[in-house]
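> Give the three-dimensional model of this entry:
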Amino acid sequence: MRAILCHELAGPGALVLGEREPPRPGACQIRIRVGAAGVNFADALMVRGRYQERPPLPFVPGLELAGTVDACGAAVDGLEPGRPVMAMVDHGAFAEYAIARIDDVVPLPEGVDLRLAAGLPIAWGTAYGALVWRAGLSAGETLLVHGASGGTGLAAVACGRALGARVIATARGGGVREQILARGAAEVLDSEAPDLVERIRELTGGQGVDVAFDPVGGAMFEVCRRTVAWEGRILIIGFASGRIPQIPANHLLVKNAAAIGFYWGSYRGRDPERLRAGFRVLLDWLQRGVVHPPAPEVVPFERTAEAVARLEERRAGGKLVIAVDPALATATSG
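A predicted model of the protein is given here:
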């Protein structure tokens with residue numbers, strides 16, 4: 001099979017398209033014929049050796065995918081070959097065939113585009129899980145979303161709106177404003193504006209935001225800290241800015257506020273059923289038109305390294321998806 005191979009931890013530029021033997025599923029595993037695979041910031045970290053998990057070299061990157069069941073292990077029941085699925089993997093999605101644990105595989109309902117499904121697990125799973133499980137976002141509350149032009153930020157905007165919150169979003173520049181508004185944001189602010197904190201306070205009548213969703217870190221965390229309301233919650237999602245903030249605990253104390261970490265990947269091992277239940281909600285929202293994920297930018301398999309580099313350098317607006325098998329990727333589930 002064809003696969004994108006990482007032979008050295010030298011960044012996206014070192015990724016090469018090569019060949020290796022298709023993997024064989026273990027007893028509780030499924031081999032998936034990959035139609036499309038999502039690209040994530042974590043892929044860029046992994047190919048530089050900076051991610052939480054470091055697979056042995058050489059390895060195939062890629063953490064999420066959509067395709068069809070190709071073969072099942074002896075202990076797997078209820079998923080017949082040809083069934084459309086999306087899945088999360090430790091690595092290996094950037095290949096024509098990938099192995100996933102049965103707990104990490106989600107059957108797709110009828111009519112879901114595989115290119116769209118390939119970009120759902122991490123971004124939309126992170127947004128939904130953080131807002132529902134950790135922050136307990138309620139209808140009528142105000143949600144601040146940083147990095148709203150990225151895949152996870154756009155998902156947080158849409159999930160927040162679906163949960164009944166008023167969403168204030170921030171993003172760099174104005175070119176993505178309409179897309180963010182279309183996902184459900186009430187206001188979109190320039191994250192580089194010098195008066196950003198004052199604008200957020202004005203929009204909340206001086207009360208601040210109930211929940212802040214921060215995948216950026218650095219200066220954006222400071223905005224969260226300064227604008228969070230009394231008994232507000234700051235969700236620490238990641239550090240796309242490259243700067244890990246130091247939290248002054250006394251500021252949380254005087255506001256009765258909480259800074260809450262959220263590492264989506266930990267649920268795969270600790271509570272996979274909660275993940276699957278969350279995806280059932282998201283897929284139901286998708287089918288009923290409650291949320292409208294933007295169409296991802298589809299990149300040819302041969303340009304995977306370029307796609308990972310674009311994400312690392314923050315040159316991608318929205319979700320990037322690799323068309324591993326273009327014919328399969330353009331199909332819909334059913």
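> which residue packs closest to residue 69, ignoring adjacent ones?
residue 83 (4.6 Å; CB to CB, 6 or more residues apart in numbering). Every residue, glycine included, has its C-beta placed from N, CA and C.
> Just give me the neighbour total for that neighbour.
Counted with other CB atoms under 10 Å, the neighbours of residue 83 add up to 18.
> Look up how far residue 124 lies from it.
Distance of residue 83 to residue 124, computed by CB to CB, to the nearest Å: 21 Å.
> and what of residue 139?
Counting by CB to CB, the separation of residue 139 from residue 124 is 20 Å.
> residues making contact with stretch 273-290?
If you take CB atoms under 8 Å, 6 or more residues apart in numbering as the criterion, stretch 273-290 is touched by 86, 88, 103, 106, 108-109, 111-112, 120-121, 124-125, 128-129, 132-133, 159, 162, 267-268, 291, 293.
> same question, stretch 315-322
Here stretch 315-322 has contacts from 36-39, 62, 94, 115, 118-119, 123, 149-151, 154, 175-176, 179, 293-294, 296-301, 304, 307, 310-311, 329, using CB under 8 Å, 6+ apart.
> try it again with 7 Å
Residues outside stretch 315-322 that contact it (CB atoms under 7 Å, 6 or more residues apart in numbering): 36-39, 94, 115, 118-119, 123, 149, 151, 154, 176, 294, 296-299, 301, 304, 307, 310-311.
> now, which of the residues you listed lie within strands?
Taking DSSP state E, the ones among the contacts of stretch 315-322 that sit in strands are 36, 37, 38, 297, 298, 299.
> Which stretches in the protein count as helices?
41-46, 114-118, 121-129, 151-162, 177-183, 196-203, 219-227, 249-255, 266-270, 272-288, 304-312, 326-329 (DSSP state H).
> Between residue 139 and residue 124, which is the more surrounded one?
Regarding residue 139 and residue 124, a neighbour count based on other CB under 10 Å identifies residue 124 as having more, with 26 against 8.
> and residue 48, how many neighbours does it have?
As a burial measure, residue 48 scores 15 neighbours (other CB under 10 Å).
> Then residue 249?
Using other CB under 10 Å, residue 249 has 8 neighbouring residues.
> and if you look at the one 3 residues further on?
Here the number of neighbours of residue 252 (other CB under 10 Å) works out to 16.
> Next: the one 4 residues further on.
Residue 256 sits with 10 neighbouring residues when counted by other CB under 10 Å.
> Please parse this structure into its domains.
Residue ranges for the domains of the chain, per automatic domain parsing: 2-119+296-329, 123-261.
> avg pLDDT for the first one?
Averaging pLDDT along domain 2-119+296-329 gives 93.
> Select only the buried ones of the contacts of stretch 273-290 in ChimeraX?
A single ChimeraX command selects the buried members of the contacts of stretch 273-290 (16 or more other CB atoms under 10 Å):
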select :86,88,103,106,108,112,120,121,124,125,128,129,159,162,267,268,291,293
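> Quick check: the gap between the closest residue in space to residue 133 that isn't next to it in sequence and residue 308.
Leaving out its chain neighbours, the residue that sits closest to residue 133 by CB to CB, 6+ apart is residue 274, at 7.1 Å. Going from residue 274 to residue 308 by CB to CB gives 29 Å.
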